[in-house]
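K.L.:
Requesting a structural model of the entry that follows:
(one chain, ligands or ions: 1)
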Amino acid sequence: MEPAESLHHQKAKKTTVKVREMTIDDLADVFHMGEKLFLAEKAPNTYRAWDEFEVTDLFYSDTEFCLVAEIDDRIIGFALGTIISKARSAWKYGYLLWLGVLPDYQGKGIAEKLFQRFKHLMLQENVRILVVDTEADNLPALGFFRHQGFGNPQEHIYLSMNLDMERQRMNLKRRTNGSG
Ligand SMILES: CC(C)(COP(=O)(O)OP(=O)(O)OC[C@H]1O[C@@H](n2cnc3c(N)ncnc32)[C@H](O)[C@@H]1OP(=O)(O)O)[C@@H](O)C(=O)NCCC(=O)NCCS
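P.N.:
Now for the predicted structure:
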């Protein structure tokens with residue numbers, strides 16, 4: 001039986017999964033995987049968009065906190081995070097921004113493996129609190145994070161305002177003033 005095939009059937013085979021730091025060669029794979037997992041209209045992190053800049057920016061700013069999981073050289077999951085230090089506070093917060101596993105490989109302990117590595121890195125960095133966020137109806141993610149020990153959920157409501165009309169009025173005014 002092929003390792004990936006056996007993994008499909010048994011959680012115990014998660015030892016075939018390798019978690020490692022992301023490299024520049026992984027950028028495209030991770031980006032395209034995220035495109036499938038984080039649909040634009042239903043992104044788990046409402047205020048962050050999954051696009052090529054999100055991935056490359058995080059990779060360049062926080063390389064050591066960008067992890068991938070692979071089986072037989074194929075990337076099947078990733079975890080991207082960062083550390084937030086607040087002014088006038090000695091506390092460091094570890095923020096796991098994006099976590100994803102390809103649907104065929106979900107439910108086999110792969111996200112857990114990624115998360116454990118991420119947590120280990122955070123402990124090494126003296127992080128005091130880990131933070132994640134997800135949409136209230138993302139039950140797999142909520143189930144996963146609760147299973148890892150996250151609690152104390154805080155409710156946030158995101159409001160938005162469309163500035164198109166004001167922008168158009170401002171541009172028109174600029175043009176009128178410019179020509180007059
Ligand atoms: C959330 C996600 C990363 C979980 O990945 P996974 O590899 O399937 O998770 P694991 O197999 O490591 O799960 C570990 C534990 O989490 C919990 N869990 C995982 N998936 C769950 C689900 N669908 N419903 C409820 N609990 C779940 C379980 O307790 C599980 O342990 P168990 O299998 O012993 O019951 C995956 O569903 C995913 O990629 N979702 C789409 C992207 C996303 O929403 N990411 C999170 C926000 S950035």
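K.L.:
how many neighbours does the residue in the chain that the ligand sits nearest to have?
P.N.:
The nearest approach of the chain to the ligand comes at G143, 2.2 Å away (Cβ to the nearest ligand atom). (Each C-beta comes from the backbone N, C-alpha and C, glycine too.) Neighbour count for G143, taken as other Cβ atoms under 10 Å: 10.
K.L.:
just T23 next, same as before
P.N.:
11.
K.L.:
same deal with F118?
P.N.:
Neighbours around F118, by other Cβ under 10 Å: 22.
K.L.:
pretty sure it is in a helix, no?
P.N.:
Yes - according to DSSP: H, G, I helix; E, B strand; the rest coil, F118 belongs to a helix.
K.L.:
Who are the contact partners of the most centrally placed residue in the chain?
P.N.:
Centroid-nearest residue in the chain: W98, 0.6 Å away (criterion: Cα atoms, centre = their mean). By Cβ atoms under 8 Å, 6 or more residues apart in numbering, the contact set of W98 is G34, F38, N45, W50, E54, L58, F78, A79, L80, G81.
K.L.:
who does the longest strand anywhere in the chain touch, helix- and strand-wise?
P.N.:
As assigned by DSSP state E, the longest strand anywhere in the chain is strand 74-85. When contacts are defined as 3 or more Cβ pairs under 8 Å, 6 or more residues apart in numbering; DSSP states H and E, strand 74-85 packs onto helix 27-37, helix 52-61, strand 66-71, strand 92-101, helix 110-124.
K.L.:
what angle separates that strand from strand 66-71?
P.N.:
With axes from the mean of the first three to the mean of the last three Cα atoms, to 10 degrees as the basis, strand 74-85 and strand 66-71 are set at 160 degrees to each other.
K.L.:
for strand 74-85, what is the average pLDDT?
P.N.:
The pLDDT scores in strand 74-85 average 96.
K.L.:
Run through the protein and note the low-pLDDT ranges.
P.N.:
1-15, 40-47, 179-180 (pLDDT under 70).
K.L.:
which SS state does G151 fall under?
P.N.:
Classified using three-state DSSP, G151 is coil.
K.L.:
Get me the contact residues on this structure for the ligand.
P.N.:
37, 44, 98-101, 106-112, 134, 138-141, 143-144, 147 (Cβ under 6 Å from any ligand atom).
K.L.:
try 5 Å
P.N.:
Applying Cβ under 5 Å from any ligand atom, we find that the chain lies next to the ligand at 37, 44, 98-101, 106-107, 109-112, 134, 140-141, 143-144, 147.
K.L.:
are any of those buried, and which?
P.N.:
37, 44, 98-101, 106, 109-111, 134, 141, 144 (16 or more other Cβ atoms under 10 Å).
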